[in-house]
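*Asks:* can't give you the sequence, but here's the structure:
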């Protein structure tokens, strides 16, 4: 086996293992060598787990030697975003407050990946507690976009996206609260899926905003994303919000015919503020879907423009509550003080970065006495209106197509001084987050400067198979390089 | 001004965050800009809208995840006619081993098994 020479996929690894052209240990070693070579520059990984990876790889190789049936992700090297718990492997959430933290248990999604034969390479960098759109809010330094090193990889799952795009993992888990899987997927030019709320267990996902957080896959092709989805989806008794809806075999369903699918194109996603090259590419992508037999239906989704404001009230309110647990008492950083209150205040002041503090304060403010009705309650009502926009649209169409981001990856440092401008990077992704529906970003060509553009496909609740089906057909028709 | 310096300091108190004067000033400006932007929600009449307090919204008006609700094609119907809702049942409230305490105590700087030591809270 030649090191670093192969662009492995889930399918090609399975074939190579079965044909004994490569061992799982060799493939894992190949990826650790690639990481060794590129990670200093990209800063995509925060921690590696070679012992765990090789022990899992050896189990796969033993199964091959015995001629056993291999599980669906046998020997597939996968990276895990650092907000997802991994037993015995340091998990920081990109924060100083969890710098020494080693989780005593695995997230359900991680456990399921390993049961399916996946080889966990390590933990990927992210914005602190998944709060950000550029990965510049990590306490461990920004990630660089492998497509253009002076640009951000997007965020918050920037390390996962950069690792996959640079060939430092076959696939990765990210998390999406307002766009944090899809937006970095678009910025780095790879498929990236946010499943329906409740489709994948959140057990072991360190909480940011519990009514919005989701775990999902990033991969180099749609079939791999589907293969990972099939493994991680499904009910988990440890997460009461995980849904008991049966899990389809996504990998098998993606090749179903499109059958003149109705695709909705909401005008609100193509208005003021969109980069002209992004608009041009996404419209070309939609035209390609029409060529594939889809019927294009214009839509109006009148509450789209209120999504960012709604999101930043709800997400920060939930964050202020969820992050109250970091008090220095039980685990993570503790800054000593003579009084308990002083210990809390100093631990949190030194442990959290600026964006996290900003969001905790915004959430505390909007939930505080006298402001609750004006902010939080109003936002929850507008969230109903946004979800209703989608429910109405899905009466008329099967899927909704939009750009993933208003502009391609921006330069490092370009938006760090203005939090509101940073928030607007999520303008097309937060809508689906608020509505609880699934969405994928797939590559849709590049700008003249060579920066990837993302096409976003939304589907109704639990219609991941349909979303993946169009994504796969789009990929097969050359849409990724349109 | 949507938010005063005093309000920033009060919120930081409530959130147990120690702020330097320079930080308080920075956050005041940034929170002010964000709150001004958020005010656009006031353009909407929401007097007849129910708040979305559950995420599994399907437009049918049923928003409680612990009651059966329909997801059209995504709902699973058993041969006996019972419909499996998208939502899990609440599990029984019974004791199960957790097994993480030892690992947490080992890494805690305040461990004093089976307790965590903190600065004195109650003055005699």
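*Replies:* Okay, I see it. Computed from a predicted model, the values in this text were never measured in an experiment.

*Asks:* tell me how far residue A:231 lies from chain B.
*Replies:* Using Cβ to the nearest Cβ, to the nearest Å, residue A:231 is found at 19 Å from chain B. Quick note: C-beta positions are derived from backbone N, CA and C, even for glycine.

*Asks:* tell me, how many residues neighbour that residue?
*Replies:* Neighbours of residue A:231 under the rule other Cβ atoms under 10 Å in any protein chain shown: 25.

*Asks:* same question, residue A:121
*Replies:* Residues lying near residue A:121 (other Cβ under 10 Å) number 27.

*Asks:* let me see the mean pLDDT of stretch A:18-38.
*Replies:* Across stretch A:18-38, pLDDT averages out at 97.

*Asks:* quick one: low-confidence parts of chain B?
*Replies:* In the predicted model of chain B, residues B:56-89, B:124 satisfy pLDDT under 70.

*Asks:* which residues of it fall in helices?
*Replies:* Taking DSSP state H as the test, the helices found in chain B are B:5-14, B:21-38, B:101-107.

*Asks:* a markdown table please, covering those helices and showing mean neighbour count.
*Replies:* A markdown table is the format used below for the helices of chain B (neighbours: other Cβ atoms under 10 Å in any protein chain shown):
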| stretch | mean neighbour count |
| --- | --- |
| helix B:5-14 | 17 |
| helix B:21-38 | 17 |
| helix B:101-107 | 14 |
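
*Asks:* mind checking the SS state of the most far-flung residue of chain A relative to its centre?
*Replies:* Going by Cα atoms, centre = their mean, the residue of chain A most distant from its centre is residue A:338, 41.4 Å out. Under DSSP: H, G, I helix; E, B strand; the rest coil, residue A:338 falls in the coil class.

*Asks:* list the residues that contact it.
*Replies:* For residue A:338, the contact set (Cβ atoms under 8 Å, 6 or more residues apart in numbering or on different chains) comprises residue B:119.

*Asks:* the lowest-mean-pLDDT helix or strand in chain A packs against which elements?
*Replies:* The weakest-scoring helix or strand in chain A, judged by mean pLDDT, DSSP states H and E, is helix A:419-423 (a mean of 90). When contacts are defined as 3 or more Cβ pairs under 8 Å, 6 or more residues apart in numbering or on different chains; DSSP states H and E, helix A:419-423 sits against helix B:21-38.

*Asks:* so the helix it packs on versus helix B:5-14, what angle?
*Replies:* Orientation check (axes from the mean of the first three to the mean of the last three Cα atoms, to 10 degrees): helix B:21-38 against helix B:5-14 gives 100 degrees.

*Asks:* helix B:21-38 near chain A at all?
*Replies:* Yes: part of helix B:21-38 sits near chain A under the criterion Cβ under 8 Å from any Cβ of the partner chain, namely B:23, B:26, B:27, B:30, B:31, B:33, B:34, B:35, B:37, B:38.

*Asks:* so the fourth one sits right up against residue A:358, yeah?
*Replies:* Yes: counting by Cβ atoms under 8 Å, residue A:358 is a contact partner of residue B:30 at 6.1 Å.

*Asks:* what touches both of the two?
*Replies:* In contact with both residue B:30 and residue A:358: residue A:419, using Cβ under 8 Å, 6+ apart.

*Asks:* the most centrally placed residue in chain B - nearest residue in space that isn't next to it in sequence?
*Replies:* Closest to where the C-alpha atoms of chain B average out (Cα atoms, centre = their mean) is residue B:53, at 11.5 Å. Excluding the flanking residues, the one nearest residue B:53 by Cβ to Cβ, 6 or more residues apart in numbering or on different chains is residue A:380, at 6.3 Å.

*Asks:* let's verify the one you found: helix, strand, or coil?
*Replies:* Here residue A:380 is recorded as helix under three-state DSSP.

*Asks:* so what's it up against?
*Replies:* Taking Cβ under 8 Å, 6+ apart, we find residue A:380 in contact with A:314, B:51, B:52, B:53.

*Asks:* what's the answer for residue A:142, then?
*Replies:* Counted by Cβ under 8 Å, 6+ apart, residue A:142 has contacts A:43, A:134, A:135, A:136, A:152, A:158, A:412.

*Asks:* give me the nearest residue to the fifth one, chain neighbours excluded.
*Replies:* Sequence neighbours aside, residue A:134 is the residue nearest to residue A:152 in space, at 3.9 Å (criterion: Cβ to Cβ, 6+ apart).

*Asks:* over to the third one?
*Replies:* With sequence-adjacent residues excluded and distances taken as Cβ to Cβ, 6+ apart, residue A:135 is closest to residue A:158, at 2.9 Å.

*Asks:* what about the one you found, neighbour count?
*Replies:* Counted by other Cβ under 10 Å, the residues lying close to residue A:158 total 38.

*Asks:* leaving out sequence neighbours, find the closest residue to residue A:176.
*Replies:* Nearest to residue A:176 is residue A:194, by Cβ to Cβ, 6+ apart, at 4.0 Å.

*Asks:* for that neighbour, grab the count of nearby residues.
*Replies:* Using other Cβ under 10 Å, residue A:194 has 33 other residues around it.

*Asks:* pretty sure it contacts residue A:432?
*Replies:* Yes: Residue A:194 lies in contact with residue A:432 (Cβ under 8 Å); the separation is 7.0 Å.

*Asks:* so where's the stretch 251-400 of chain A shaky on pLDDT?
*Replies:* Using pLDDT under 70, nothing in the stretch 251-400 of chain A is flagged.

*Asks:* in it, what residue is nearest chain B?
*Replies:* residue A:391 (3.1 Å; Cβ to the nearest Cβ).

*Asks:* what's the first helix or strand after the one helix or strand that residue maps to?
*Replies:* Using DSSP states H and E, residue A:391 sits within helix A:378-396. Where DSSP H and E defines the elements, the next helix or strand beyond helix A:378-396 is strand A:399-403.

*Asks:* residues near residue B:109, how many?
*Replies:* For residue B:109, using other Cβ under 10 Å, the count is 15.

*Asks:* excluding its backbone neighbours, what's nearest it?
*Replies:* residue A:334 (4.8 Å).
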